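A.B. asks: no FASTA, just this:
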């Protein structure tokens, strides 16, 4: 691969540090929607993605239709991880039987998906979720993946990329220097760097943008340490294009019935709104961007 960062290929400078602050899990719950909206309207978040199998998608869609400038992708959802609030495939059980458990819901974790579901079933469900998205009269700015399931096998990844390329929708794919993915052991064990580079180059050659790196900054970081944790990531960041994933949520009294992750998710929202964190970004000369801009830049560079 070229020594250029993907940010540089997209027209930024060789020393620029460009960031997408991405809110995962919009549409999962009312609390998720409110946290996403606040993080983007009142905070530093620049992008989000929707979980199409979940019950609160329509609420966020109505908001998006009133604010079409927002950067909203399809959060390809192939797992259902909570105990008392679960969801199943948009395509229906009969079309993707390997994707569902004994309750008729998605499996709770990625290894179960890999054990039971074929790549063709994964493709069928991705296309069904995209179709539902488009049926709303909206087009996603990008595709990404809930719990990283599409990275569970090379065959899943191929299908995910294929859908993005066919529809010319950018896909979440880190393939540059991978600073934080190496640090956090986010790269699958045994996956050769050369293979990652080849996949990334194929996506770039298909006229879609590619990330240099991604960071999930401490889903388990205590609330009082969130600001310092995010600030440390920013200060140590290498030049290039990095997506930082947050789960900004404004938990209601009902959210604990879904998950005990409310405090962590609230902490992400608070950091996105914190003027001290904004000052860190300014001091570090961080450039914020969106997936919409990445797609437009990729088309313009030929």
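C.D. replies: Yep, it's here. Nothing here was measured: the structure is a model prediction, and the numbers come from that model.

A.B. asks: Once you drop chain neighbours, what's closest to the residue positioned nearest the centre of the chain?
C.D. replies: The centroid of the chain falls nearest to residue 144 when counting by C-alpha atoms, centre = their mean (4.6 Å). Distances taken as C-beta to C-beta, 6 or more residues apart in numbering put residue 172 closest to residue 144, at 3.6 Å, once the chain neighbours are dropped. C-beta here means a position set from N, CA and C on the backbone, and glycine is covered the same way.

A.B. asks: does that neighbour really touch residue 140, like I thought?
C.D. replies: No: taking contacts as C-beta atoms under 8 Å, residue 172 lies outside contact range of residue 140: 11.1 Å.

A.B. asks: Let me see the contact set for residue 203.
C.D. replies: The contact partners of residue 203, by C-beta atoms under 8 Å, 6 or more residues apart in numbering, come to 161, 164-165, 171, 173, 175, 210.

A.B. asks: which element is it on?
C.D. replies: helix 193-205 (DSSP states H and E).

A.B. asks: what about residue 197, distance to residue 9?
C.D. replies: 14 Å (C-beta to C-beta, to the nearest Å).

A.B. asks: now the strands: where do they sit in the stretch 51-200 of the chain?
C.D. replies: Ranges of strands within the stretch 51-200 of the chain are 72-76, 143-145, based on DSSP state E, counting those that start in this stretch.

A.B. asks: of all those, which lies closest to residue 242?
C.D. replies: strand 143-145 (14.2 Å; C-beta to C-beta).

A.B. asks: Could you check how sure the model is about the closest one, as an average pLDDT?
C.D. replies: Rounded to a whole number, the mean pLDDT of strand 143-145 is 98.

A.B. asks: what's the offset of the lengthiest helix in the chain from the middle of its chain?
C.D. replies: Criterion DSSP state H: the longest helix present in the chain is helix 119-135. Helix 119-135 has its C-alpha centroid displaced from the chain centroid by 17 Å (C-alpha atoms, centre = their mean, to the nearest Å).

A.B. asks: how far off strand 72-76 does that helix point, in degrees?
C.D. replies: With axes from the mean of the first three to the mean of the last three C-alpha atoms, to 10 degrees defining the directions, helix 119-135 sits at 150 degrees from strand 72-76.

A.B. asks: Buried residues of helix 119-135, list them for me.
C.D. replies: Buried positions in helix 119-135, judged by neighbour count with 16 or more other C-beta atoms under 10 Å: 119, 121-130, 132-133.

A.B. asks: Test my guess that residue 164 contacts residue 143.
C.D. replies: Yes: look at residue 164 against residue 143 with C-beta under 8 Å: they come within range, at 5.2 Å.

A.B. asks: Give me the common contacts of those two.
C.D. replies: 170-171.

A.B. asks: who has more neighbours, the two?
C.D. replies: Higher neighbour count among residue 164 and residue 143: residue 143, with 27 against 24, using other C-beta atoms under 10 Å.

A.B. asks: longest strand anywhere in the chain?
C.D. replies: strand 17-26 (DSSP state E).

A.B. asks: how much space between the residue nearest to the centre of the chain and residue 243?
C.D. replies: Distance of residue 144 to residue 243, computed by C-beta to C-beta: 9 Å.

A.B. asks: shared neighbours, the two?
C.D. replies: Common contacts of residue 144 and residue 243, defined by C-beta under 8 Å, 6+ apart, comprise 22, 172.

A.B. asks: mind listing the helices for the chain?
C.D. replies: Taking DSSP H as the test, the helices found in the chain are 6-9, 30-41, 57-66, 110-116, 119-135, 154-167, 179-183, 193-205, 226-236, 262-273, 275-283, 291-301.

A.B. asks: tell me the angle the third one makes with strand 17-26.
C.D. replies: I take that to be helix 57-66. With the same axes, to 10 degrees applied, the angle from helix 57-66 to strand 17-26 works out at 130 degrees.

A.B. asks: Run me through the strand neighbours of the longest strand of the chain, direction for each.
C.D. replies: Here strand 17-26 has these sheet partners by DSSP bridges: strand 47-50 (parallel), strand 240-246 (parallel), strand 287-288 (parallel).

A.B. asks: Can you tell me which of these is most buried?
C.D. replies: strand 47-50 (a mean of 29; mean count of other C-beta atoms under 10 Å).

A.B. asks: Low-confidence regions, the stretch 201-302 of the chain specifically.
C.D. replies: Low-confidence segments of the stretch 201-302 of the chain (pLDDT under 70): none present.

A.B. asks: Try it again at 80.
C.D. replies: Scanning the stretch 201-302 of the chain with the threshold set as pLDDT under 80 gives 217-220, 302.

A.B. asks: Brilliant, that's me finished.
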